[in-house]
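>>> Have a look at this prediction, sequence included:
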Amino acid sequence: MRSRRSRVRIVVGALTVLAVAVCGAGGTFAANDAVVRAAASGAEGPLVINYTPTPITLDPAMVCSLEDDGFISSLYVTLVKYGDKPIPGAPAGVRATQEDTTKFRPYLARSWKVTNGGKTYTFKLRTGTKFPSGRPVDASAVKFSFDRNLKIGACGAYFTNAGQTTGNIFKSITAPNPTTFVIRLTRPEPLIMHSLTQAHLGIVDPGVVNANGGVQKGKPNPWMASHAAGSGPYVLRSYEPGRQAVFVANPSYFGPKPRHSTVIVNFIPSDPTLLLQARTGKADITVGLTKKSVSSLKGKSCCDIVAVDTASWQLIGLPNKVPPFNNRRFREALTYAVPYQDILNKVAFGYGKLYYGPYPPAFPSFRASIARPRAFDLDRAKRLVAQSGAKLPINVDMVIREGVLDQEQIATIVQGEWRQLGVNIRIRKLSSAEYEKAIYATPNKTLLVRFDGPSVTEPAWLLEYDLRCVSIFNTSDYCNARAEALINRARTITSPAARQKIWDDIARMWVRDSPRIPVYADTKTFVLKKGVRYFHFAQDNFDFNRWGK
Amino acid sequence: MLRLIAGRLAGALFSIFGASIVSFAVLRIAPGDPTRLFLGDFASEEALTQLRQDLGLGDPIYVQYVDYMRDFLRGDWGFAYSVGQPVTTQLESRLPATIELGLYAFIFAFVGALVLALLATYRHRPLVDGSVRAVSFFGLGTPPFWFSFIAQIVFFERLSVLPGPDGRLSLATVPPPTLTHLYTVDALLAGQLGTFADAVSHLFLPAVTLGLAPLAFLVRLLRANLLEVSREPFIVVARSKGLGRWTAFSRHALPNAFLPTLTAGGLLLGQLLAGSVLVEKVFNWPGVGALVTDGILRQDFAVVQAFILLSAFVYVLVNLVVDMLYGVIDPRVRVRRNLT
Amino acid sequence: MSDASAGDAARGSVVTGIWRRVSGASRFVLHDPALAAATVLLGLLVLCAIIGPLVWRQDPLGIDVGGALQPPSTAHPMGTDGNGRDLFARFNEGARISLAVGAAVVLSGVLVGGLIGLAAGVLHRMVDSFLMRVLDAILAFPPLILAMAVTVGFGVGLRSAALGTMLTTVPYYARLLRSDVMRIRVLPHVESAVALGASPKRIVLRHILPHAAPTMLIQSAAVFGYSILTLAALGFVGLGAQIPTPEWGAMITDGLQYSLTGQWWIAVFPGLGVLFAVVAANILADRARDILDPRGELSRV
């Protein structure tokens, strides 16, 4: 009897202690928070960024997606950078700027000269810059980085080669002395300056690379995939793939000190979690939140939303080589059967712009008069289908990538509308690997939904891979010999006005041919916690050093 | 006895190899080309071919398998291209999280099952018994990902008593100095009570969610066994000799009822470690389950295969130990075995 | 008694017999609240699955982007999802899918696993050892991972998900039937049948299978519940049914996106569907065990 009562008392006592510990911990770990924050990084505390998706690699020679490029950009320096311009419609109290892709400013290169009819670029580098290892950031390191990219032959090579897929544009890459770097091209290529701003052209420390696997032809370097060897505003203090990365200020960086000396980046794949943490102020900046979640934060007191028009877009690819999609009228018909405004409102929650053309409004070369958005007009679509003489019903597959809600929604909506035209779509959601294989198949046999965009907002860059008949990245198999000839001609022209005329001509041809359907141009959104007042957007470069409170 | 062990070991090895073969075959026939995923959209054809060669994707499947096993036994478990790290490093960093979660889920399930089963059987109270059985049914039937989402809404979003799905610790909490890699244990050892409380509060919901099904399963088992044992003659004799109810229960009934529960518990532990996939996904728990799911979805074979081999090994080991334990604890089993 | 009245009397006794059985069964069910609840739940779900789409005429695939994310109302008893589709219609369709796939998985698992177990139990010892090792290899896989790997390997979709789930149940059934066969083989009347020279086919059909049936039945109810859960889990991960098929697991995943922006109904109802189906199945399994095997002798694997 007595033993049982005492046993009960013990249990109750234990439970109470536990309860008190957990609840009381609320106070304790909040205090712990403050102590940790203060101790970790000086007065301003670390900048906490929640980021998705998780990077595949940290190697400048290998990074391919815009998010991966963006992530490593503050770990490396490049020869030049783009200028700045303000972001229209930025929230009050936030100084938000974006890159101005029509201007280049010096970075590692103090100055540069273009000679020999646009075929020779000579860069004069800053002196006294050092890698954290102590090795100087000089012309030989620049040459090493270029050569490395080209030798490995992955995405880095593509960018180093100024986005040209039809052969090596370099005649030579030399470092005649530590402060001079010279590139000689086989033909003029204005895009090279744009390449030089990209994270892929970040300068790596040759000593570190050689000590950790070196450079092997055609093979990725496993060490570089999870380490950084740069000289940018930050160094990578720790990196747990898929979980967290910690950046700390690089004492030997030559530029202005970063706003926060410590940046903690958390990789969070789940959108509801990202939203939750943004709402409860756990993260200072949230990158990669879906538009649906972002729109739910509009007007909330926790956060500011920075929305920037980007050069990326959602598209529906049409298989131009497969009947009846090889019929221009039929393709045109389909472009009138997409409820653009509805999709923009329901799928993108208003974060986008409508247009119809080869490139979106974010391009400086965009002309609204040529690329006017197409209306949603089912009757007109039906008439055009009849005119085209296509035999109904038409059964076709539509390929989308799994895990991407937007694509699913767009596909489902379009499926519903096109059924009324007699076009029956079977939606196939593919794993990432299958999806890649399917969209790059030549010739393309299915419809596809794709989110795409070039790293450089220059038509020359985009059309090089998007319009050339032989390019596998021309996922609609659109072939127009006249347009290709114009692109070739543009390479030799330096006058901006003359180039613009070429882009306009190409755009008009493209619009007339209706090769595919841009659903909307993407407006990228970033969620800033109230109190974060500085933000800078660059399509491919997230300059964490310029973000902060 | 020795022949028994040898036989079991041989069988265990066969199972592990069998599992590896099955996983290899199944993953390799998956459609799609992962090399382009790993090298990126603009990789040159040569780079793609080179990587395909390196990964051995062009070789016949048995060659690939032999190469893989040989490397595996040498400690090279491959490179996870979709994340940019060797598989061993990945597993090393992720395993402690899953182990800690599994451990606490198991403790919750076991202790909870004990308490509930005792409540149900100690005295004849049909209402309590009925509710315990109801709990066990619901525990077995609830989809864990759904339950965790509701739990999060209630306890985190609405009531704000528990932290949200931000992993093992709050974003700004520094992990304790590493000893066992289990945050709770390490924090206690280092005297960091704040960190300890933070880790526990983050473990609470995931452990309960993960432990719910095992709890339900164990409750039913223990309850059934307790009922059976408490009707045995030796209990009746003990009670009629004047032994108190609690003493009779704790000293006689419980140990006897415990045995089948123990063996079931052993198997469950193995399953917990593997089955935390769904829970980890919802709570953003940086464990092995989430790693493997992503690996499967991205067709990053290396990670998945290493994991399957590892869990096959754990499963077989646990089974072996449990079998041995059973033979040691219950002498009748040894006798019975020889008769069959 | 003439033939006609004999026939009448016979028919009459058949009818009374049935009536007695039915009322006896219903009295039995009503006395047991858990069993009653389980029967009702499962019955409701089956009703939803079978006649739901016939009675509730809305199109589970019908998109209405304008009416998206509506809370439950009389027009939409379970609300609408992000594409404006009626969730009640999708729930019914999902019930159809889950229950049908659950049944299919159980049936095929019983067939395949049963055959293997039978072979292991009846044929030569070497065959038995070999089959058991193979099964152990499959058992060593964490079941969800195996199902996921199969689904990826054979291409995502409902069919591969069902296949993967079925594969994970096969070793279980095989083991079950094998131990049953071992147990039944040594029963006196079976041994005497063998001694009398009965053919193996006769022994299997006449002796072994009828005795093994109760065990298989009991376990099937539990496996039914398990397969619904696994299908939902695969749908959750994105490997099960593809768009726009309204499978409960995929609907829960869809709903999780909206969990924090206030649209709770999208994930809650399918989750309840899974919960009720599995709980009902488990209760039925439990009761079946109580009736057919009260001392738990049959279910020792």
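Right, received. Where do you want to start?
>>> So what's the residue count around residue A:447?
29 (other Cβ atoms under 10 Å in any protein chain shown). Any C-beta I mention is one placed from the backbone N, CA and C, and that applies to glycine too.
>>> Could I get the contacting residues of it?
A:316, A:317, A:318, A:319, A:396, A:397, A:398, A:399, A:425 (Cβ atoms under 8 Å, 6 or more residues apart in numbering or on different chains).
>>> Need phi/psi at it.
When read as degrees, to the nearest 10, the backbone of residue A:447 gives phi -70, psi 160.
>>> Any buried residues in the strand or helix carrying residue A:83, and which?
Assigned by DSSP states H and E, residue A:83 falls within strand A:80-86. Within strand A:80-86, the residues that count as buried by 16 or more other Cβ atoms under 10 Å in any protein chain shown are A:80, A:81, A:82, A:84.
>>> Find the nearest non-adjacent residue to residue A:361, please.
Excluding its sequence neighbours, the residue lying closest to residue A:361 (Cβ to Cβ, 6 or more residues apart in numbering or on different chains) is residue A:353, at 5.3 Å.
>>> Out of the buried residues of strand A:80-86, which two sit at the greatest distance?
Using Cβ to Cβ, the buried residues of strand A:80-86 span at most 13.5 Å, a distance reached by A:80 and A:84.
>>> still on that earlier bit, could you report the neighbour count for the residue nearest to residue A:361?
19.
>>> residues in contact with it?
Residue A:353 makes contact with A:309, A:360, A:361, A:520, A:521, A:523 under the criterion Cβ under 8 Å, 6+ apart.
>>> from those residues, which ones fall inside helices?
Of these, none are assigned to helices by DSSP state H.
>>> So the closest residue to chain C within the stretch 151-300 of chain A versus chain B, what's the distance?
Taking Cβ to the nearest Cβ, chain C has its nearest neighbour within the stretch 151-300 of chain A at residue A:296, 4.2 Å off. For residue A:296, the distance to chain B equals 13 Å [Cβ to the nearest Cβ, to the nearest Å].
>>> So that residue is in contact with residue A:275, correct?
Yes. Assessed by Cβ atoms under 8 Å, residue A:296 is found in contact with residue A:275 at 7.1 Å.
>>> Compare these two (neighbour count), which wins?
residue A:275 (24 against 20).
>>> now the more buried one, nearest residue through space, not along the chain?
Nearest residue to residue A:275, sequence neighbours excluded (Cβ to Cβ, 6+ apart): residue A:293, at 4.1 Å.
>>> How far off centre is the helix or strand hosting that neighbour?
Per DSSP H and E, residue A:293 falls inside helix A:291-296. The chain centroid and the centroid of helix A:291-296 are separated by 19 Å under Cα atoms, centre = their mean, to the nearest Å.
>>> What residues are bridge-paired with residue A:130?
Counting by DSSP bridges, residue A:130 is bridged to residue A:136.
>>> what sits up against the host helix or strand of residue A:113?
Assigned by DSSP H and E, residue A:113 belongs to strand A:109-115. Strand A:109-115 is contacted by residues A:79, A:80, A:106, A:120, A:121, A:122, A:123, A:124, A:125, A:126, A:181 when judged by Cβ under 8 Å, 6+ apart.
>>> name the helices or strands packed onto the helix or strand hosting the last one?
Element membership for residue A:181, per DSSP H and E: strand A:180-185. Counting contacts by 3 or more Cβ pairs under 8 Å, 6 or more residues apart in numbering or on different chains; DSSP states H and E, strand A:180-185 packs against strand A:120-125, helix A:139-152, strand A:170-177.
>>> what about 10 Å?
strand A:109-115, strand A:120-125, helix A:139-152, strand A:170-177 (3 or more Cβ pairs under 10 Å, 6 or more residues apart in numbering or on different chains; DSSP states H and E).
>>> could you dump those to TSV with mean neighbour count?
Converted to TSV, those look like this (neighbours: other Cβ atoms under 10 Å in any protein chain shown):
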stretch	mean neighbour count
strand A:109-115	14
strand A:120-125	20
helix A:139-152	22
strand A:170-177	14
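>>> average pLDDT for stretch B:26-34?
Per-residue pLDDT over stretch B:26-34 has a mean of 68.
>>> touching chain B at all, stretch C:230-247?
Yes. Residues of stretch C:230-247 contacting chain B under Cβ under 10 Å from any Cβ of the partner chain: C:230, C:232, C:233, C:235, C:236, C:237, C:238, C:239.
>>> Quote the end-to-end distance of that stretch.
12 Å (Cα to Cα, to the nearest Å).
>>> ok, back up a step: show me the two of the residues of stretch C:230-247 next to chain B that sit farthest apart.
C:230 and C:238 (14.3 Å).
>>> who's more crowded, those two?
More crowded of residue C:230 and residue C:238, by other Cβ under 10 Å: residue C:230, with 28 against 20.
>>> got a list of what the more buried one touches?
When contacts are counted by Cβ atoms under 10 Å, 6 or more residues apart in numbering or on different chains, residue C:230 touches B:143, C:101-102, C:105, C:143-144, C:147-148, C:161-162, C:164-166, C:168-169, C:223, C:240, C:249.
>>> Shouldn't it be within a helix?
Yes. Under DSSP: H, G, I helix; E, B strand; the rest coil, residue C:230 sits within a helix.
>>> Quick one, grab the pLDDT at it.
85.
>>> Give me the pLDDT for residue 156.
Reading this off chain A. pLDDT at residue A:156 comes out at 90.
>>> try again with chain C
Residue C:156 is assigned a pLDDT of 72 by the prediction.
>>> do you know how far it is from residue C:147?
For residue C:156, the distance to residue C:147 (Cβ to Cβ, to the nearest Å) stands at 12 Å.
>>> which neighbours do those two share?
The contact sets of residue C:156 and residue C:147 overlap at C:234, C:237, C:239, C:240 (Cβ under 10 Å, 6+ apart).
>>> Now the second one. Nearest residue, chain neighbours left out?
Read it as residue C:237. Of all residues not flanking residue C:237 in the chain, residue B:293 sits nearest, at 6.1 Å (Cβ to Cβ, 6+ apart).
>>> Give me the buried stretch members for the lengthiest helix in chain B, please.
When chain B is scanned for its longest helix (criterion: DSSP H), the result is helix B:193-230. Under the neighbour-count criterion of 16+ other Cβ under 10 Å, helix B:193-230 has B:193-226, B:229-230 buried.
>>> If we check chain A, which of the residues you listed are in contact?
Answer for the buried residues of helix B:193-230 near chain A (Cβ under 10 Å from any Cβ): B:193, B:194, B:195, B:196, B:197, B:198, B:199, B:200, B:201, B:204.
>>> Would you agree the third one is in contact with residue B:188?
Yes. The criterion here is Cβ atoms under 10 Å, and residue B:195 meets it with residue B:188 at 9.2 Å.
>>> joint contacts of these two?
Common contacts of residue B:195 and residue B:188, defined by Cβ under 10 Å, 6+ apart, comprise residue B:176.
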